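> here is the input, now give the coordinates:
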Amino acid sequence: MSDLVLEIFRASARLLTAGDRLVAELGLTSARWQLLGTIVYAERAQPVSWIARDMGANRQNVQRIVNDLVNDGLLEFQPNPHHRRAQLVVLTEAGREAFDLAMNLQTPWINELAEGADIDAIQTTHQVLNHLRNRLEDDQAD
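Numbers count the residues shown, from 1 in each chain. Purely as a prediction, here's the structure:
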């Protein structure tokens with residue numbers, strides 16, 4: 001398992017670097033792209049703390065990226081009817097456009113990465129990573 005975790009760390013670093021290069025022309029980074037995706041796939045608008053939890057990230061780091069994306073016009077804050085101070089983070093039209101463009105760039109890239117990989121191995125890898133993430137989330141909840 002230790003070798004697997006080290007391989008995940010190495011793959012993660014390379015994925016982030018490749019993702020940064022892929023979306024740089026859009027004014028995005030992997031972190032910004034990931035945050036936009038978290039917002040796009042959320043069931044409803046959320047405050048920064050919830051977004052950070054969904055991403056498994058530090059709230060302060062997510063807040064910094066959200067602020068940058070607000071300044072760039074890709075996100076905006078809206079009042080939260082349930083909490084006066086914890087505003088909701090909402091995608092703007094420009095933010096949705098940037099995310100869609102990033103995903104259009106991602107499709108051929110991800111297909112190229114998957115070339116030669118066995119579909120069953122990909123599915124097994126997904127299951128193992130999902131299991132590890134769930135265990136880690138359970139440990140954090142305790």
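> got the buried residues for the strand or helix carrying Leu16?
According to DSSP states H and E, Leu16 maps onto helix 2-23. Applying a neighbour-count criterion of 16 or more other C-beta atoms under 10 Å, one finds 19, 22-23 buried in helix 2-23. Quick note: C-beta positions are derived from backbone N, CA and C, even for glycine.
> Ser30 reaches Val23, doesn't it?
Yes: between Ser30 and Val23 there is a contact at 7.2 Å, judged by C-beta atoms under 8 Å.
> helix/strand/coil for the most centrally placed residue in the chain?
Nearest to the mean C-alpha position of the chain, counting by C-alpha atoms, centre = their mean, stands Gln34 at 2.4 Å. Classification of Gln34 using DSSP: H, G, I helix; E, B strand; the rest coil returns helix.
> what of Gly116?
coil.
> and what of Leu28?
coil.
> correct me, but it touches Ala98?
Yes: using C-beta under 8 Å, Leu28 is in contact with Ala98, at 6.3 Å.
> now do the shared contacts for those two.
Each of Leu36 lies in contact with both Leu28 and Ala98 under the rule C-beta atoms under 8 Å, 6 or more residues apart in numbering.
> excluding its backbone neighbours, what's nearest Gln63?
Val48 (5.0 Å; C-beta to C-beta, 6 or more residues apart in numbering).
> same question, Gly37
Phe99 (6.5 Å).
> and Arg96, by the same measure?
Val40 (7.2 Å).
> can you tell me the helix or strand for the one you found?
Assigned by DSSP H and E, Val40 falls in helix 30-41.
> what average pLDDT does that helix get?
Per-residue pLDDT values over helix 30-41 give a mean of 97.
> isn't the residue nearest to Gln63 up against Val89?
Yes: if you go by C-beta under 8 Å, Val48 and Val89 touch, sitting 6.1 Å apart.
> what do those two both touch?
Joint contacts of Val48 and Val89 (C-beta under 8 Å, 6+ apart) are Val66.
> in this structure Ala45 contacts Gln87, no?
No: judged on C-beta under 8 Å, Ala45 makes no contact with Gln87 at a distance of 9.3 Å.
> list residues touching both of these two?
Gln78.
> any idea how far the lowest-mean-pLDDT helix or strand in the chain is from the chain center?
The helix or strand of the chain with the poorest confidence is helix 119-141; it has a mean of 90 (mean pLDDT, DSSP states H and E). Put simply, helix 119-141 sits 16 Å off its chain's centre (C-alpha atoms, centre = their mean, to the nearest Å).
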